[in-house]
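*Asks:* model this:
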Amino acid sequence: MNRGKIVIYSPCSLLAGIITEIVGGVASRVVCCQSTEQTAATCQREEPDLVIILSIRPFMNGSGLIADIRQRDKRRPPIYVVSWQQAENVVLSLLECGVDQYFTFPICMGRLRNKVREELKQHYE
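*Replies:* Down below sits the predicted model:
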């Protein structure tokens, strides 16, 4: 049974590995990327069911990562951001630019796993 594909963007491979361990049992395939360009290209090639971004840097430097993902994948995969940033104005601007869900570190592993499971269940049940 296909359980879905997840693309994870993180400039830190250790952090990407930790999140992969948390959500890996829920998805059939997890691909990690270390640059925004690689993430956009991977999303186009893999057509993921979910994208998890572990940094707000792409949003602060105006890279347009969300727009790149959205315009290349017409299925509009949900995008989750996990970051340390808790300032209300930052969270609101992430949501306004197209992020579907925002989580802050320290993250509740069970909550993230359950959110991912529910998201993928919509596609594969």
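*Asks:* Report the residue spans of this protein with pLDDT below the cut-off.
*Replies:* Scanning the chain for pLDDT under 70 picks out the ranges 1-2, 61-63, 72-74, 123-125.
*Asks:* same thing but at 50, please
*Replies:* 1 (pLDDT under 50).
*Asks:* Now do the helices in it.
*Replies:* With DSSP state H as the criterion, the chain has helices at 13-23, 36-46, 57-60, 65-72, 88-96, 109-124.
*Asks:* Quick check: the gap between the nearest residue to Leu54 once chain neighbours are set aside and Gln71.
*Replies:* Counting by C-beta to C-beta, 6 or more residues apart in numbering, Ser10 is the residue found nearest to Leu54 once chain neighbours are left out, at 3.8 Å. For every residue, glycine as well, the C-beta is placed using N, CA and C. Ser10 sits 22 Å away from Gln71, going by C-beta to C-beta, to the nearest Å.
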